[in-house]
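K.L.:
Kindly generate the corresponding structure for this input.
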Amino acid sequence: MIYLIFLFGIFSPPDSLLDKAAFDLYMNNSNVIEENEYVDLLSVGLFHKINVYREENHLPALKWDKQVFQAAEIHSKAMTESSFFSHINPRKKIWKTPKDRLTYVQADFFAWAENIASFNNPKPQTVDAEVIYAWIDQLFYQWINSKPHRKNIRNETFTHSGISCYFSPAALRENRALVNATNVFTAKN
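P.N.:
Predicted coordinates:
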């Protein structure tokens, strides 16, 4: 696990943001959002939006799982840094499939699924809560408007989730927001 700490830095967004009311309060009180906050706010915001959708469809809310998040983070970062967009990592055999990534981070699971999405937008001069919510919607509706991705979101078997959104540092320097998002769902053993 020390390798993961060195390679990826922070394991998971702050626990305080995992509470939807605290997340909404934070977003409502944020005038300008700094670049170092984009990843956490986008990842956690997507998690909350998916849980609202599940609850509206009479499904239980998913629980955030830090190890599942690590598997998602590995993949979002790899897709961005190695310029591919696929569930299969063509460059790292140890992280080739979603199951490989879950096993690598020692996640507890007996069933899994993975959704990926991406966007490449001009980055506004100022990123505020409205921009973050628009980015959340952009990724969320890519999944909801796709039958296989929507099926994963609505699957009653899944109890846990981890979502990681990774921004390309090079694109940010060019005033673009290039984001790869990975949502991993699991059912625990």
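K.L.:
In the protein, where's the longest helix?
P.N.:
Using DSSP state H to define each element, the chain has its longest helix at helix 35-56.
K.L.:
Need the pLDDT of residue 82.
P.N.:
Note on residue 82: pLDDT of 94.
K.L.:
Counting neighbours, what do you get for it?
P.N.:
Look at residue 82: counted by other CB atoms under 10 Å, it has 11 neighbours. C-beta coordinates here come from the backbone N, C-alpha and C atoms, glycine included.
K.L.:
Kindly report the same for residue 60.
P.N.:
Residues lying near residue 60 (other CB under 10 Å) number 11.
K.L.:
that's a helix at it, yeah?
P.N.:
No - assigned with DSSP: H, G, I helix; E, B strand; the rest coil, residue 60 falls outside any helix and is coil.
K.L.:
Is it in contact with residue 154, as I believe?
P.N.:
No - the criterion here is CB atoms under 8 Å, and residue 60 misses it with residue 154 at 11.3 Å.
K.L.:
so what sits against both of these two?
P.N.:
Both residue 60 and residue 154 are contacted by residue 54, under the criterion CB atoms under 8 Å, 6 or more residues apart in numbering.
K.L.:
Any buried residues in stretch 66-73, and which?
P.N.:
Residues of stretch 66-73 classed as buried by neighbour count (16 or more other CB atoms under 10 Å): 67-73.
K.L.:
Helices - which of those land there?
P.N.:
67-73.
K.L.:
now, which of the residues you listed sits nearest residue 54?
P.N.:
residue 68 (15.9 Å; CB to CB).
K.L.:
Over to the nearest residue to the closest one once chain neighbours are set aside: give its phi and psi.
P.N.:
Nearest non-adjacent residue to residue 68, counting by CB to CB, 6 or more residues apart in numbering: residue 162, 3.4 Å away. According to degrees, to the nearest 10, the main-chain angles of residue 162 amount to phi -150, psi 130.
K.L.:
Report pLDDT for residue 28.
P.N.:
87.
K.L.:
Without its sequence neighbours, what residue ends up closest to it?
P.N.:
In space, and not counting its chain neighbours, residue 28 is closest to residue 129: 6.8 Å by CB to CB, 6+ apart.
K.L.:
Number of residues surrounding the one you found?
P.N.:
Around residue 129 there are 18 residues (other CB under 10 Å).
K.L.:
ok, now residue 174?
P.N.:
Neighbours of residue 174 (other CB under 10 Å): 10.
K.L.:
Quickly note the distance from it to residue 120.
P.N.:
Noted for residue 174: a distance of 11 Å to residue 120, by CB to CB, to the nearest Å.
K.L.:
now residue 30
P.N.:
Counting by CB to CB, the gap from residue 30 to residue 120 is 24 Å.
K.L.:
Who has more neighbours out of these two?
P.N.:
residue 30 (15 against 11).
K.L.:
helix, strand or coil for the spatially most distant residue from the centre of the chain?
P.N.:
Taking CA atoms, centre = their mean, the residue of the chain most remote from its mean C-alpha position is residue 125, at 23.8 Å. With three-state DSSP as the basis, residue 125 sits in coil.
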